[in-house]
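# quick one: sequence and predicted model below, then my questions.
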Amino acid sequence: MAGEQVAPYGSWKSPITSELLVSETVGLGQIALDGEDVYWSELRPKEGGRNVIVRQTHDGKISDVNPATFNARNRIQEYGGAAFFVAEGTVYFSNFTDGRLYRQTPGGEPQPLTPAEKDWRYADCIADTARGRLICVREDHTGTSKEPVNTLVSVDLHGSEQVRVLVAGEDFYSSPRLSPDGSKLAWLSWNHPNLPWDGTELWVAELNADGYLGDSHLVAGGVSESVFQPEWSPDGVLHFISDRSGWWNLYRSCAGGAENLCEMEAEFGLPQWVFGMRTYAFASESRIICTYTQQGTWHLASLDTAAKQLEKIETPYTDISDLQASGGCVAFQAGSPKEPTAIVLLNLTEGTMQVLRRSSQVAIDAGYLSAPQAIEFPTENGLTAHAFFYPPQNRDFTAPAGEKPPLLVKSHGGPTAATSSSLSLKIQYWTSRGFAVLDVNYGGSTGYGRAYRQRLDGQWGVVDVADCANGASYLAERGLVDGSRLAIAGGSAGGYTTLCALTFRDVFKAGASYYGVSDLEALAKDTHKFESRYLDRLIGPYPQRQDLYRQRSPIHFTEGLSCPLIFFQGLEDKVVPPSQAEMMVAALRAKGLPVAYVAFEGEGHGFRKAENIKRALDGEFYFYSRVFGFEPAEPIEPVAIENL
């Protein structure tokens with residue numbers, strides 16, 4: 001095409017810089033509706049990763065709610081979520097610094113509701129207005145037991161700082177939901193070794209006059225049924241999502257047990273990694289606005305619960321979550337291959353959609369954006385796996401004739417999570433410089449039914465690695481990428497997959513581990529409560545199957561490593577401690593392989609500060625430029641690479 005410059009892949013000049021990514025970008029989180037006002041949370045890298053509650057009033061005015069000295073975030077189960085709640089203009093939120101719950105009335109300063117001297121964490125609040133209290137999940141870290149204690153509690157709103165335990169005895173709780181008349185409380189619970197996408201129980205109890213719980217009964221769920229997001233309809237019927245059919249579908253409780261409202265091979269639910277996740281909301285007594293995914297794409301729909309008929313609502317989005325409904329409007333998070341994640345408000349009467357806040361204010365010419373292609377490729381045991389493939393794209397450049405692009409395979413975290421096709425400037429950073437990217441939804445990912453999710457049971461470090469390697473080989477065999485320049489990168493569980501792929505396979509020629517697991521035994525012995533038994537299902541019980549833990553730990557097989565690796569690590573990481581990375585760095589250093597280690601003070605599991613996000617992205621690109629032998633278009637702050 002006229003005007004294109006010829007330059008090797010990797011050396012294309014791109015307007016999508018790391019500075020651009022962090023300078024005008026925020027992380028969008030929880031949404032809440034209160035009358036005509038819309039609230040949401042923003043993670044702001046430029047403010048040191050602080051979480052800010054934002055309000056847009058009915059007249060379109062936008063303002064921050066919590067003062068600059070407050071960070072609306074919690075750390076229950078380490079991942080947190082549902083850190084604030086709004087009722088009649090008053091905002092209740094958890095403050096990250098001290099863990100206390102605060103109440104903030106319009107125009108006022110935050111006032112504490114819970115004691116200062118306790119090491120308690122709170123999430124998932126609801127208002128019990130008639131009894132003058134909040135009901136929420138509490139995680140108690142003050143005891144001497146090995147694990148913190150999770151309970152459902154009430155928090156007094158009259159200034160007494162009194163916190164009373166309502167439900168206790170199970171390992172985990174979430175989603176307390178009060179019936180419209182205030183007479184019943186529903187909630188989810190589960191126990192080790194399950195995680196919420198394995199098996200949960202939905203309970204309902206009567207509330208006595210004193211506010212304590214009376215008789216309770218099990219509505220749905222068990223050790224092999226995952227129940228997600230219980231909600232009461234406006235007329236007091238309990239609804240929930242269950243995967244009892246093999247797919248997370250919508251149900252309502254009835255005299256005969258539970259009724260599937262829309263039986264589909266589609267996922268209406270999500271893995272509950274954080275509190276407060278919502279995929280449906282009531283627009284009226286008999287109308288639910290919901291979102292579901294098929295083949296990696298999310299759809300918005302209206303469900304008539306009386307007729308049990310689902311009608312699609314056309315939107316330009318392929319990724320939709322966090323639904324809230326009120327007063328004829330629905331708010332949700334949404335993104336597409338052309339649009340970054342945004343807070344969107346849908347007027348159900350008029351059918352109009354308004355974008356309230358974009359995660360990125362950056363406007364990128366479409367000529368620099370690579371469109372994701374959903375692919376299904378063959379993998380082990382005659383099965384297929386899923387991924388999104390992004391070819392290189394930059395309107396200003398083309399590669400020399402005959403050259404094929406380097407490939408970066410991305411392995412998502414979780415591992416029970418999923419990647420999406422929403423516009424990711426981090427992916428476009430690579431493709432606009434001449435890299436191809438394969439974003440893999442390996443076996444074990446959500447969005448493709450329970451059976452696909454369970455492919456990883458007992459097979460972590462095997463199935464995920466095979467799918468990533470087979471995806472890369474599939475593209476190389478078709479001549480779409482350079483088979484001699486294949487890299488793999490991932491964070492957390494994706495970092496483990498990365499390290500395994502580089503240790504136990506010879507497909508990849510370089511890699512980047514972001515706070516990745518290298519020693520499964522160390523992870524089993526030293527991690528937080530929520531995930532402390534996760535490996536029972538993914539690997540096997542420990543120490544009974546110590547043999548498997550050792551067989552699948554890259555740290556014990558560093559002789560299998562034969563390519564360069566870069567590590568990025570937060571020094572405050574409690575999920576995957578720095579020692580996991582440092583052991584691997586030492587082993588690579590001893591082998592004489594090219595290795596780099598970039599550690600960040602004050603960062604935990606995942607990087608929140610703008611300067612560190614920028615440094616990691618540029619550092620990884622610089623590392624590949626040295627390994628794969630191309631010259632970046634612009635100067636990058638070097639990373640110290642040993643043995644190169």
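Everything's here; your move.

# what packs against the longest helix belonging to the chain?
Identified as the longest helix of the chain according to DSSP state H is helix 610-628. Secondary-structure packing of helix 610-628 (3 or more CB pairs under 8 Å, 6 or more residues apart in numbering; DSSP states H and E): helix 18-23, helix 425-431, strand 486-491, strand 510-514, strand 565-570, strand 595-600. For the C-beta atoms, the positions are set from N, CA and C on the backbone; glycine is no exception.

# just checking, what packs against the third one?
For strand 486-491, the helices and strands in contact under the criterion 3+ CB pairs under 8 Å, 6+ apart are strand 407-411, helix 463-477, helix 493-504, strand 510-514, helix 610-628.

# again with the fourth one
For strand 510-514, the elements it packs on are strand 486-491, helix 493-504, strand 565-570, helix 610-628, judged by 3+ CB pairs under 8 Å, 6+ apart.

# chain center to the last one, what's the gap?
To tie it back to what came earlier, the one meant is helix 610-628. Computed by CA atoms, centre = their mean, to the nearest Å, the chain-centroid distance of helix 610-628 equals 23 Å.

# doesn't residue 573 make contact with residue 602?
No. Checked against CB atoms under 8 Å, the pair residue 602 and residue 573 is beyond contact range at 10.9 Å.

# coming back round to it: what mean pLDDT does the longest helix of the chain get?
Across helix 610-628, the average pLDDT comes to 96.

# what does that helix contact?
10, 18-19, 21-23, 45-46, 406, 408, 426, 429-430, 433, 485, 487, 489, 509-510, 512, 514, 564, 566, 568, 594, 596, 598, 600, 603, 607, 631-632, 636-639, 641, 644 (CB atoms under 8 Å, 6 or more residues apart in numbering).

# phi, psi of residue 604?
Dihedral angles of residue 604 (phi, psi; degrees, to the nearest 10) stand at phi -100, psi -130.

# quick one: it from residue 448, how far?
30 Å (CB to CB, to the nearest Å).

# just residue 209 next, same as before
From residue 209 to residue 448 the distance is 48 Å (CB to CB).

# next one: phi and psi at residue 260?
Residue torsions, per degrees, to the nearest 10, at residue 260 are phi -70, psi 120.

# where does the closest residue to residue 216 other than its chain neighbours land in three-state SS?
In this structure, residue 216 finds its nearest non-sequential neighbour in residue 205, 3.6 Å apart by CB to CB, 6 or more residues apart in numbering. Here residue 205 is strand, with the state taken from DSSP: H, G, I helix; E, B strand; the rest coil.

# quick check: residue 205 touching residue 211?
No. Using CB under 8 Å, residue 205 is not in contact with residue 211; the gap is 11.7 Å.

# next secondary structure after the helix or strand of the chain with the lowest mean pLDDT?
Within the chain, no helix or strand scores below helix 18-23, which has a mean of 86 by mean pLDDT, DSSP states H and E. Tracing the chain C-terminally past helix 18-23 and defining elements by DSSP states H and E, one meets strand 27-34 next.

# follow-up on the earlier one: who's more crowded, residue 602 and residue 573?
Comparing residue 602 with residue 573 by other CB atoms under 10 Å, the one with more neighbours is residue 573, at 21 against 13.

# my read: the more buried one touches residue 604, true?
Yes. With contacts counted by CB under 8 Å, residue 573 reaches residue 604, the gap being 5.2 Å.

# which one of residue 205 and residue 211 has more residues nearby?
Neighbours per residue (other CB under 10 Å) separate residue 205 from residue 211, with residue 205 holding more: 18 against 15.

# what bridges to that one?
residue 185, residue 216 (DSSP bridges).

# from residue 137, how far out is it?
According to CB to CB, residue 205 stands 15 Å off from residue 137.

# can you check residue 430 too?
The gap separating residue 430 from residue 137 is 39 Å, by CB to CB.

# please say which of the two ends up with more neighbours.
Between residue 430 and residue 137, counted using other CB under 10 Å, residue 430 has the larger neighbour count: 29 against 26.

# which stretches of the stretch 51-200 of the chain form strands?
For the stretch 51-200 of the chain, strands defined by DSSP state E, counting those that start in this stretch occupy the ranges 62-64, 84-87, 90-94, 101-104, 111-112, 120-128, 133-140, 149-156, 163-167, 172-178, 184-190.

# how about JSON lines for those, with mean pLDDT added?
Shown next, in JSON lines, are these (pLDDT from 0 to 100):
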{"stretch": "strand 62-64", "mean pLDDT": "96"}
{"stretch": "strand 84-87", "mean pLDDT": "96"}
{"stretch": "strand 90-94", "mean pLDDT": "98"}
{"stretch": "strand 101-104", "mean pLDDT": "97"}
{"stretch": "strand 111-112", "mean pLDDT": "97"}
{"stretch": "strand 120-128", "mean pLDDT": "97"}
{"stretch": "strand 133-140", "mean pLDDT": "97"}
{"stretch": "strand 149-156", "mean pLDDT": "97"}
{"stretch": "strand 163-167", "mean pLDDT": "97"}
{"stretch": "strand 172-178", "mean pLDDT": "98"}
{"stretch": "strand 184-190", "mean pLDDT": "98"}
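
# what would those strands look like in a markdown table with distance to residue 27?
Formatted as a markdown table, these follow (distance: least, CB to CB, whole Å):
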| stretch | distance to residue 27 |
| --- | --- |
| strand 62-64 | 15 |
| strand 84-87 | 15 |
| strand 90-94 | 17 |
| strand 101-104 | 21 |
| strand 111-112 | 26 |
| strand 120-128 | 18 |
| strand 133-140 | 22 |
| strand 149-156 | 26 |
| strand 163-167 | 30 |
| strand 172-178 | 22 |
| strand 184-190 | 26 |
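
# any idea which of the ones you listed gets closest to residue 379?
Smallest distance to residue 379 across the strands of the stretch 51-200 of the chain (CB to CB): 30.4 Å, for strand 184-190.

# who are the packing partners of that closest one?
Counting by 3+ CB pairs under 8 Å, 6+ apart, strand 184-190 packs on strand 163-167, strand 172-178, strand 201-207, strand 213-221, strand 227-232.

# at 6 Å what do you get?
strand 172-178, strand 201-207 (3 or more CB pairs under 6 Å, 6 or more residues apart in numbering; DSSP states H and E).

# what sits up against that strand?
With CB atoms under 6 Å, 6 or more residues apart in numbering as the test, strand 184-190 has contacts from 152, 170, 172-178, 196, 200-205, 207, 230, 238.

# how far off centre is it?
For strand 184-190, the distance to the chain centre is 23 Å (CA atoms, centre = their mean).
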